[in-house]
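Engineer: Using only what follows, build the 3D model:
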Amino acid sequence: MNRVLFFLIKFIISSLGLLPNNVRLLLAKLFSNVALIFLGREIEVAQLQIKKFLNIKSDIEAKNIAKNSIRSVIVTLFESFNLKSFIKSAKFNIQGFESAEETLNTKKGALVLTAHTGNWDLFAAWAVQQKIPLVAVGRVTRSELLHQVLDWMRLRYGIKTLWRSGATSAKSCLELIRKGNFVASLIDQDTRVRSLMIPFLNHPVSVPSTLVELAIKEKIPCFTAFLFREKEGFSVYIKRVDIDCQNVESSVESSVESSVESSVESILSAYNNELERVIRKYPEQWVWFHKRWRTKLDGEKMSREEYLVWLKK
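Structural biologist: The predicted structure is shown next:
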């Protein structure tokens with residue numbers, strides 16, 4: 001049954017991908033208007049988080065941003081039915097690419113810390129078109145069918161994906177980077193992997209830390225990278241985050257671990273600060289419906305009900 005559904009979904013996506021960009025975006029708008037009727041819970045979470053962490057007093061303004069953030073994700077879906085058409089026709093305003101170019105010219109790999117902003121798969125497809133040897137890190141979905149569809153959609157644009165599954169994932173990432181690949185990881189969501197609590201929009205959040213820890217120990221360059229839609233085309237913000245390897249090396253053995261953790265915190269803080277900066281500029285192009293702040297300082301995760309009560313305080 002899954003095999004039949006997979007081919008049916010492939011046919012629908014391929015057919016929709018043949019439509020002109022403006023027609024697909026119109027369909028996305030119509031689809032999002034219908035979807036919002038059934039996404040009241042997600043809108044509520046998004047609205048409360050926007051009010052609390054963007055310090056927006058107006059319920060109407062916060063709700064509009066919440067709805068538009070969901071619309072943005074649906075637009076991302078419809079764009080992704082044929083990313084090549086956007087890469088060929090859209091204007092890309094790239095900021096900070098020269099810092100990545102220096103690393104590319106050395107033929108060495110790097111770790112790219114990104115987020116669910118704008119169209120995150122378009123960023124990966126754009127990087128592949130620029131001959132950047134990029135590999136995306138993805139979490140294995142609960143649905144095997146969804147996993148197959150996502151993998152197929154990405155491979156159409158040359159986006160290789162390392163699907164995260166257990167302790168071997170970090171080692172696989174390290175091997176890919178050593179071979180000269182840029183490994184891109186989305187670390188802007190609350191997960192159950194090893195993480196550190198880092199301030200984000202004036203409140204600590206749980207940020208995955210394993211790959212950054214490896215990067216510090218192996219002296220691997222780290223970058224932040226985010227893509228956003230503009231009225232005309234897209235903007236890509238790339239920034240190198242310097243690692244203080246010398247500080248780690250000079251530490252006595254007993255304090256190396258604490259020095260590494262301090263460097264990890266520094267890089268994750270730089271990532272969160274840059275993400276916060278661009279989210280404030282493009283508040284409607286981030287996944288506000290995700291319960292980003294649900295992990296407490298002690299590591300315990302709040303239930304949906306507990307989280308809503310906490311957001312309303």
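Engineer: quick one: low-confidence parts of the stretch 51-200 of the chain?
Structural biologist: 166-168 (pLDDT under 70).
Engineer: Which parts of this protein are strands?
Structural biologist: Along the chain, the segments classed as strands by DSSP state E run 92-95, 110-114, 134-139, 160-164, 182-186, 195-200, 203-208, 222-229, 234-241.
Engineer: To residue 259, which of those strands lies closest?
Structural biologist: With CB to CB, the closest approach to residue 259 among those belongs to strand 195-200: 14.4 Å. The C-beta positions use only the backbone N, C-alpha and C, and glycine is treated the same way.
Engineer: List the residues that contact the nearest residue to residue 109 once chain neighbours are set aside.
Structural biologist: Of all residues not flanking residue 109 in the chain, residue 177 sits nearest, at 3.5 Å (CB to CB, 6 or more residues apart in numbering). Residues in contact with residue 177 (CB atoms under 8 Å, 6 or more residues apart in numbering) are 109, 110, 111, 183, 215, 218, 220.
Engineer: Now list the buried members of those.
Structural biologist: Among the contacts of residue 177, those buried by neighbour count (16 or more other CB atoms under 10 Å) are 109, 110, 111, 183, 215, 220.
Engineer: could you check the distance from the fourth one over to residue 313?
Structural biologist: Counting by CB to CB, to the nearest Å, the separation of residue 183 from residue 313 is 39 Å.
Engineer: do the first one as well
Structural biologist: According to CB to CB, residue 109 and residue 313 sit 44 Å apart.
Engineer: swap in the last one?
Structural biologist: For residue 220, the distance to residue 313 (CB to CB) stands at 41 Å.
Engineer: What is the longest helix belonging to the chain packed up against?
Structural biologist: Longest helix in the chain, counting residues (DSSP state H): helix 253-281. Contact analysis of helix 253-281 by 3 or more CB pairs under 8 Å, 6 or more residues apart in numbering; DSSP states H and E lists strand 195-200, strand 203-208, helix 210-217, strand 222-229, strand 234-241, helix 245-250 as its packing neighbours.
Engineer: Out of the buried ones among the contacts of residue 177, flag the one nearest to residue 262.
Structural biologist: Of all the buried ones among the contacts of residue 177, residue 215 has the smallest distance to residue 262: 14.3 Å, by CB to CB.
Engineer: what angle separates the longest helix of the chain from strand 195-200?
Structural biologist: Using axes from the mean of the first three to the mean of the last three CA atoms, to 10 degrees, the inter-axis angle of helix 253-281 relative to strand 195-200 is 40 degrees.
Engineer: how far does helix 253-281 sit from the chain's center?
Structural biologist: Counting by CA atoms, centre = their mean, to the nearest Å, helix 253-281 is centred 17 Å from the centre of its parent chain.
Engineer: quick revisit: kindly reformat the buried ones among the contacts of residue 177 as a markdown table containing distance to residue 119.
Structural biologist: A markdown table is the format used below for the buried ones among the contacts of residue 177 (distance: CB to CB, whole Å):
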| residue | distance to residue 119 |
| --- | --- |
| 109 | 24 |
| 110 | 22 |
| 111 | 21 |
| 183 | 20 |
| 215 | 26 |
| 220 | 26 |
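Engineer: residues contacting the residue lying closest to residue 203 once chain neighbours are set aside?
Structural biologist: Of all residues not flanking residue 203 in the chain, residue 293 sits nearest, at 5.8 Å (CB to CB, 6+ apart). Listed by CB under 8 Å, 6+ apart, the contact set of residue 293 reads 49, 53, 190, 200, 203, 205, 307.
Engineer: what separates the fifth one from residue 295, distance-wise?
Structural biologist: Counting by CB to CB, the gap from residue 203 to residue 295 is 11 Å.
Engineer: quick one: which of those two has more around it?
Structural biologist: residue 295 (21 against 11; other CB atoms under 10 Å).
Engineer: Nearest residue to the more buried one in space, ignoring adjacent ones along the chain?
Structural biologist: In space, residue 295 is closest to residue 206, 4.0 Å off (CB to CB, 6+ apart).
Engineer: which residues does that neighbour bridge with?
Structural biologist: Residue 206 has the following beta-bridge partners by DSSP bridges: residue 197.
Engineer: now it: how far from residue 193?
Structural biologist: 9 Å.
Engineer: Over to residue 267?
Structural biologist: Distance from residue 267 to residue 193, by CB to CB: 16 Å.
Engineer: Which one's more surrounded, those two?
Structural biologist: The residue with more neighbours, out of residue 267 and residue 193, is residue 267; 24 against 14, by other CB under 10 Å.
Engineer: tally of neighbours for residue 211?
Structural biologist: Quick note: residue 211 (other CB under 10 Å) scores 25 neighbours.
Engineer: hang on, it packs against residue 172?
Structural biologist: No - using CB atoms under 8 Å, residue 211 is not in contact with residue 172; the gap is 10.9 Å.
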